[in-house]
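Asks: turn this into a model:
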Amino acid sequence: MTTSRALLVAAALLLVAAAPAAEAVCGMSNEQFMSCQPAAAKTTDPPAPPTQACCDALGGADLGCLCGYKNSPWMGVYNIDPSRAMALPAKCGLATPPNCS
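Replies: The predicted structure follows:
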């Protein structure tokens with residue numbers, strides 16, 4: 001990842017953390033993003049199933065945009081396993097964009 005792209009990703013994630021009520025990143029607020037965190041946590045075995053709040057949030061999100069963050073180093077800051085996160089749309093009955101594979 002280039003330095004400028006890494007800085008852009010870091011800035012986007014900081015916006016999510018700083019603006020809990022806003023549609024901050026990819027159509028998801030920080031609160032919506034965090035509603036999915038337990039289902040994608042890398043330190044929980046087995047992970048919790050996604051909640052209805054998580055599925056509702058993903059249903060309104062730009063999933064193609066979110067897939068762009070799957071290799072972000074910030075996933076670790078939020079204790080998110082990228083593979084688990086990428087599996088959430090299917091668990092919620094949503095179509096997974098092709099760029100998520």
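
Asks: and Ala85, what is it in contact with?
Replies: Counting by Cβ atoms under 8 Å, 6 or more residues apart in numbering, Ala85 makes contact with Cys36, Ala40, Lys70, Met75. (Glycine included, C-beta is placed from N, CA and C.)

Asks: ok, the first one - contacts?
Replies: The reference is to Cys36. Pro50, Thr51, Cys54, Ala57, Leu58, Ala85, Leu88 are the contacts of Cys36 under Cβ under 8 Å, 6+ apart.

Asks: do Cys67 as well
Replies: Cys67 sits in contact with Met86, Pro97, Asn99, Cys100, where contact means Cβ under 8 Å, 6+ apart.

Asks: please apply the same query to Ala95.
Replies: Pro89.

Asks: how about it, secondary structure?
Replies: Classification of Ala95 using DSSP: H, G, I helix; E, B strand; the rest coil returns coil.

Asks: and the pLDDT at the residue nearest to Met86 when sequence neighbours are not counted?
Replies: Nearest residue to Met86, sequence neighbours excluded (Cβ to Cβ, 6 or more residues apart in numbering): Cys100, at 5.2 Å. As predicted, Cys100 sits at a pLDDT of 75.

Asks: how many other residues sit next to Cys100?
Replies: Burial of Cys100 is recorded as 18 neighbouring residues (other Cβ atoms under 10 Å).

Asks: residue contacts, it?
Replies: Leu63, Gly64, Cys67, Lys70, Met86, Pro89.

Asks: can you lay out the contacts of Cys36 as a markdown table showing pLDDT?
Replies: Shown next, in a markdown table, are those (pLDDT from 0 to 100):
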| residue | pLDDT |
| --- | --- |
| Pro50 | 97 |
| Thr51 | 97 |
| Cys54 | 97 |
| Ala57 | 96 |
| Leu58 | 96 |
| Ala85 | 92 |
| Leu88 | 94 |
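
Asks: for PyMOL, write a command that selects the buried ones of the residues you listed.
Replies: To isolate the buried members of these in PyMOL, using 16 or more other Cβ atoms under 10 Å:
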select buried, resi 50+54+57+58+85+88
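
Asks: check which helix or strand covers the residue nearest to Thr51 when sequence neighbours are not counted.
Replies: Here the nearest residue to Thr51 in space, its sequence neighbours aside, is Ser35; by Cβ to Cβ, 6+ apart that works out to 6.0 Å. If you go by DSSP states H and E, Ser35 is part of helix 30-40.

Asks: sweet, I'm off.
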